[in-house]
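> A structural model of the following input is requested.
(one chain, ligands or ions: 1)
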Amino acid sequence: MNHNGSRVLEILKANLGKTISGETISSVLEISRSAVWKQVKALREKGYRISARSRSGYCLEEEPELLDQNALAEMAIIYRESVESTNLVAHRLAEEGAPGFTTIIAERQLSGRGRLGRSWFSPAGSGLWFSVIFRPTALTPAAARPVTLVTAAVLADYLSGTFKLPVQIKWPNDLQVGGKKIAGILTEVKGDLDRIDYLIIGIGLNVNQKTEDLSTEIATVATSLAMETGIKIKRTELLINLRHALIRAYKLFEEEGFTSFRQIWIKNNITLGQQVNISWPGGSLTGLATELTNDGQLAIKDDYGQIRLVSYGEVS
Ligand code: BTN
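Below you'll find the model as predicted:
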């Protein structure tokens with residue numbers, strides 16, 4: 001943060017919860033009104049909730065819950081304030097030889113990526129946007145495929161246990177509470193048909209967003225841990241614990257396979273037993289979701305009673 005930015009922040013913090021005019025800030029700091037506005041904009045991008053009213057001025061609504069860089073460094077988690085996408089950074093680090101389980105977290109992503117080419121809204125100060133590099137040594141690409149389901153199972157299990165929330169998995173790996181999305185997973189692979197070089201598992205978890213932080217469009221389909229529990233959550237601690245749970249799970253998955261995670265996935269899912277429509281680029285299928293196979297495919301009984309297996313797509 002530059003010098004003017006810290007001085008503007010200092011004044012706003014001294015007036016926490018109160019509105020102070022742009023004019024006052026500009027005359028105290030001897031900078032122009034537009035310079036004040038520029039700093040307010042930059043602070044907002046860092047995750048500070050500052051409301052602006054055209055006549056009365058600026059108000060820092062509350063102390064932000066920013067990621068604790070020191071605590072992250074102690075756990076060897078790589079922190080960046082702002083990146084295009086943590087998955088992209090993770091790819092670069094992996095190409096440079098970063099070891100397995102290297103983790104990168106960003107306060108904000110400028111072009112967060114979602115599944116099926118979608119974008120993932122990742123503003124500062126509210127979510128956990130992170131990627132883990134996984135370098136399995138003993139898994140073929142086919143055997144590694146359920147890793148995303150393993151991730152979903154671990155997240156659902158951890159979040160429902162910790163926050164006493166019904167976090168449910170919608171096949172393959174959307175995490176929802178009450179039908180609204182709370183987290184998504186984007187797994188990317190580098191390798192060839194026979195061998196995995198590395199996997200990047202990117203996780204986006206909505207943590208401290210409030211209803212007013214979401215656009216009307218997003219609010220109808222998404223929620224956050226804070227919205228569901230009514231409490232403000234310490235994101236740094238949550239990340240450290242989640243990462244720990246994930247690494248333990250990836251090691252176990254590599255040693256023992258998908259079986260035990262399959263049970264956890266099934267216990268927390270909302271897709272099995274439902275009449276579903278699954279679509280993927282180039283096709284779709286309607287039927288009853290009857291089973292999750294040992295290798296993580298969804299078995300669908302179509303209208304002719306035929307069982308079809310799907311490993312990729314979107315359920316509606
Ligand atoms: C989905 O579409 O449900 C998957 C969303 C995955 C978003 C996360 S945020 C951290 C990581 N970096 C990205 O660009 N995407 C993933």
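
> Buried residues, the host helix or strand of Lys13. List them.
Taking DSSP states H and E as the definition, Lys13 sits inside helix 3-14. For helix 3-14, the buried set under the neighbour-count rule, 16 or more other CB atoms under 10 Å, comprises Arg7, Val8, Leu9, Ile11, Leu12. Any C-beta I mention is one placed from the backbone N, CA and C, and that applies to glycine too.

> ditto for stretch 166-176
Within stretch 166-176, the residues scored as buried using 16+ other CB under 10 Å are Val167, Gln168, Ile169, Lys170, Trp171, Pro172, Asn173, Asp174, Leu175, Gln176.

> ditto for stretch 158-167
Quick answer for stretch 158-167 (16+ other CB under 10 Å): Tyr158, Leu159, Ser160, Thr162, Phe163, Leu165, Val167.

> For that stretch, the averaged confidence score.
For stretch 158-167, mean pLDDT rounds to 97.

> Check stretch 249-269 too.
96.

> what about it, start to end distance?
18 Å (CA to CA, to the nearest Å).

> Stretch 85-103 now?
13 Å.

> Name the residues of it that are buried.
Neighbour-count burial for stretch 85-103, with 16+ other CB under 10 Å as criterion, is recorded at 85-91, 93-94, 98, 100, 102-103.

> swap in stretch 78-86?
Ile78, Tyr79, Arg80, Val83, Ser85, Thr86.

> Which pair in these has the greatest spatial separation?
Tyr79 and Ser85 (15.2 Å; CB to CB).

> Would you mind measuring from Val207 to Leu159?
Using CB to CB, to the nearest Å, one gets 10 Å for the distance from Val207 to Leu159.

> what touches both of those two?
The contact sets of Val207 and Leu159 overlap at Leu225 (CB atoms under 8 Å, 6 or more residues apart in numbering).

> who touches the strand or helix carrying Cys59?
Counting by DSSP H and E, the element that carries Cys59 is strand 57-60. Applying CB under 8 Å, 6+ apart, the external contacts of strand 57-60 come out as 9, 12-13, 15-25, 36, 40, 48-53.

> Name the SS class of the residue nearest to the spatial centre of the chain, please.
A centroid search over the chain (CA atoms, centre = their mean) returns Gly204, at 0.8 Å, as the residue closest to the centre. When classified by DSSP: H, G, I helix; E, B strand; the rest coil, Gly204 comes out as strand.

> what about it, distance to Arg118?
11 Å.

> for the buried residues of helix 3-14, which one is nearest the ligand?
Nearest to the ligand among those is Leu9, at 26.8 Å by CB to the nearest ligand atom.

> Show the contacting residues for that closest one.
With the criterion set at CB under 8 Å, 6+ apart, Leu9 makes contact with Met1, Gln39, Leu43, Tyr48, Leu60.

> Secondary structure element holding the residue of the chain found nearest the ligand?
Nearest residue of the chain to the ligand, counting by CB to the nearest ligand atom: Gly184, 2.1 Å away. Taking DSSP H and E as the criterion, Gly184 maps to strand 180-191.

> quick one: buried residues of that strand?
Result for strand 180-191 [16+ other CB under 10 Å]: buried residues Lys180, Lys181, Ile182, Ala183, Gly184, Ile185, Leu186, Thr187, Val189.

> again with stretch 56-76
Gly57, Tyr58, Cys59, Leu60, Pro64, Glu65, Leu67, Asp68, Leu72.

> Now render those residues as JSON lines, adding pLDDT and distance to the ligand.
Formatted as JSON lines, those follow (pLDDT from 0 to 100; distance: CB to the nearest ligand atom, whole Å):
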{"residue": "Gly57", "pLDDT": "93", "distance to the ligand": "34"}
{"residue": "Tyr58", "pLDDT": "95", "distance to the ligand": "30"}
{"residue": "Cys59", "pLDDT": "95", "distance to the ligand": "30"}
{"residue": "Leu60", "pLDDT": "95", "distance to the ligand": "27"}
{"residue": "Pro64", "pLDDT": "83", "distance to the ligand": "19"}
{"residue": "Glu65", "pLDDT": "90", "distance to the ligand": "18"}
{"residue": "Leu67", "pLDDT": "96", "distance to the ligand": "13"}
{"residue": "Asp68", "pLDDT": "96", "distance to the ligand": "19"}
{"residue": "Leu72", "pLDDT": "96", "distance to the ligand": "15"}
